[in-house]
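Asks: need the 3D shape of this:
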Amino acid sequence: MIICITGMPGAGKSLVGETLAKKGFKEVEMSACVKEKMAEAGIEINKDSIRDFSLNARKEYGNDIVAKWTIEKIHKLPHKDILIVGLRSADEAKYFKSLESVSIIAVIAPKMMRFERLKERQRADDPANYSDFEKREEKEKQFGISSALEHANFTIRNSGTVEELEKKVLKVLEELKKLESAQSKRAKEPKQS
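Replies: Here you go, the predicted model:
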């Protein structure tokens, strides 16, 4: 089973990822696939070069190229259950949805709640103030993350406790397992002519 997670910064994607990791999912970051391609090409890896390389790759190979690189990487892994982190555009979402074994989960949360979470978390790329937060929101929207959210198979609203979020994730996972089981059963049925 392959699950992609998408959502705006501060929505709770990492917490969803942690919950799925406890259930045996191997995490694959789309940005890591970009960095691997850059390393292969001998390109120095920094914030600006990653952005430039990603934009140029999309212009040359199509807007779903990073998704394709990610799937290539996944096919080389021994793991059955994979979690893809970093889905940010409609083209990537459409590519993933075209694959039979991939589902997309959108994680959403109120804007002010996301801002407060980012302030508390204090990662290096987190906004220092609300103005920075708005600029980051705009960049994410320009990348197409709003469109990616629209392609989700499931949407999880994360506006409560961590425990509530975990319950929601496990409920979605159970639903996905049922769907996977039904698909597997249909695939084994003899074809009628």
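
Asks: helices or strands next to the longest helix anywhere in the chain in the packing?
Replies: Scanning the chain for the helix with the most residues, using DSSP state H, yields helix 162-188. Secondary-structure packing of helix 162-188 (3 or more C-beta pairs under 8 Å, 6 or more residues apart in numbering; DSSP states H and E): helix 13-22, strand 102-108, strand 154-157. Glycine gets a C-beta too; all of them are placed from N, C-alpha and C.

Asks: surely residue 108 touches residue 7?
Replies: Yes - in this structure, residue 108 is within contact of residue 7 by C-beta atoms under 8 Å, at 6.2 Å.

Asks: overlap of the contact sets of these two?
Replies: residue 149 (C-beta atoms under 8 Å, 6 or more residues apart in numbering).

Asks: returning to what we had before: any idea how far the longest helix of the chain is from the chain center?
Replies: Offset of helix 162-188 from its chain centre (C-alpha atoms, centre = their mean, to the nearest Å): 17 Å.

Asks: quick one: buried residues of that helix?
Replies: 165, 168-169, 172-173, 176 (16 or more other C-beta atoms under 10 Å).

Asks: and what of stretch 134-143?
Replies: Buried positions in stretch 134-143, judged by neighbour count with 16+ other C-beta under 10 Å: 136-137, 140, 143.

Asks: quick one: mean pLDDT for that stretch?
Replies: The pLDDT scores in stretch 134-143 average 81.

Asks: give me the residues contacting that stretch.
Replies: Contacts for stretch 134-143 (C-beta under 8 Å, 6+ apart): 8-9, 88-89, 111, 127.

Asks: where do the helices sit along this structure?
Replies: Ranges of helices in the chain, per DSSP H, are 13-22, 30-40, 47-61, 65-75, 90-97, 111-121, 130-143, 145-150, 162-188.

Asks: and those: which comes nearest residue 104?
Replies: Nearest to residue 104 among those is helix 90-97; the distance by C-beta to C-beta comes to 5.9 Å.

Asks: pull that closest one out as CSV, backbone CA atoms only.
Replies: Provided in CSV are the C-alpha atoms of helix 90-97 (Å, rounded to 0.1, in the frame of the first residue of the first chain):
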residue,chain,number,x,y,z
ALA,A,90,-2.2,18.7,-8.9
ASP,A,91,0.1,17.1,-11.6
GLU,A,92,1.8,15.0,-9.0
ALA,A,93,-1.5,14.1,-7.4
LYS,A,94,-2.9,13.1,-10.8
TYR,A,95,0.1,10.9,-11.5
PHE,A,96,-0.1,9.2,-8.2
LYS,A,97,-3.8,8.6,-8.5
